[in-house]
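Colleague: got a sequence here, can you model it:
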Amino acid sequence: MKQLIALLEEFENEQESKSDADNFMNDFSKWLFIKYHPISHPSPDEEVEAELHSKETIATLIGKNFTTLNRFARQYMRQAMLATPFTSPDDFSFMLLVDRKGKITKMDTINGLYFEKATGIEIINRLIDKGLISQFHNPSDKRSKYLTLSDKGRELMKIVIQKMNEVSETVVRNLSDEERVQLLLLSDKLFRFHKEKFVH
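Modeller: Residues are numbered from 1 along each chain as shown. Now for the predicted structure:
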């Protein structure tokens, strides 16, 4: 018990900002994992060595990798959607959020995916026109509308979600289980940092 209390105190002292009640245990468990499973540093290959000795900063190289990996991932997603009514990977993202929520307002959908309003409305209208999403008035606010998947949309998602799971596996296929956890923790840290700036 004394050791646990000491770890809790160490965790709280290292945090730049206090975790809220909903995220405290999640943040503490991640901190514990990193503390007792330090990130390994594999020897870089010749290409990475050359990049590290170039004039580009490490931050620039990371940004370049993120941009290129996003391009790769979107291409994998497009291939997986070839026989579907989806126009872009963004269509799937909107459908997935509506599917998980059951029903959700247009603006909550757009904000939840961090899209600009005009772009989000365009995607939603496209999915409605294709009969994949249905909309109905919010009884508590006549100015807003709820979105829900249509029967056609639900049947489509049963097929596409499996394909997208395969895409996710493809993207990280050459990483070990430990490396996947490390990547998740680091990317989650970046996500939280930028989410706070984006929202505020």
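
Colleague: hey, let's count contacts and neighbours off CA atoms from now on
Modeller: Will do.

Colleague: check which helix or strand Gln135 maps to.
Modeller: Taking DSSP states H and E as the definition, one finds Gln135 inside strand 133-138.

Colleague: in that strand, which residues are buried?
Modeller: 133-135 (16 or more other Cα atoms under 10 Å).

Colleague: pretty sure Tyr76 contacts Val167?
Modeller: Yes - A contact is recorded between Tyr76 and Val167 when judged using Cα atoms under 8 Å, the distance being 6.2 Å.

Colleague: about what we covered before: sheet-wise, list the partners of the following helix or strand past the strand holding Gln135 with their directions.
Modeller: Toward the C-terminal end, the helix or strand that comes next after strand 133-138 (DSSP H and E) is strand 141-149. When sheet partners are counted by DSSP bridges, strand 141-149 sits next to strand 104-105 (antiparallel), strand 133-138 (antiparallel).

Colleague: adding mean pLDDT and distance to Thr84, write the ones you listed out as TSV.
Modeller: Formatted as TSV, the entries for the strands paired with strand 141-149 read as follows, by pLDDT from 0 to 100; distance: least, Cα to Cα, whole Å:
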stretch	mean pLDDT	distance to Thr84
strand 104-105	94	23
strand 133-138	92	15
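
Colleague: how about the secondary structure of Leu82?
Modeller: Per DSSP: H, G, I helix; E, B strand; the rest coil, the secondary structure class of Leu82 is coil.

Colleague: can you check the one 5 residues further on too?
Modeller: Put simply, Thr87 is coil when judged by three-state DSSP.

Colleague: distance check, it against Leu186.
Modeller: The spacing between Thr87 and Leu186, counted by Cα to Cα, to the nearest Å, is 31 Å.

Colleague: compare the two and say which is more crowded by neighbours.
Modeller: When Thr87 is set against Leu186 and neighbours are counted by other Cα atoms under 10 Å, the residue ahead is Thr87, at 14 against 11.

Colleague: what's the weakest-modelled helix or strand in the chain?
Modeller: Here the helix or strand of the chain ranked lowest by mean pLDDT, DSSP states H and E is helix 46-52, holding a mean of 58.

Colleague: got the angle between the helix or strand Asn125 falls within and strand 141-149?
Modeller: With elements delineated by DSSP H and E, Asn125 resides in helix 117-129, which encompasses its position. In terms of direction (axes from the mean of the first three to the mean of the last three Cα atoms, to 10 degrees), helix 117-129 departs from strand 141-149 by 60 degrees.
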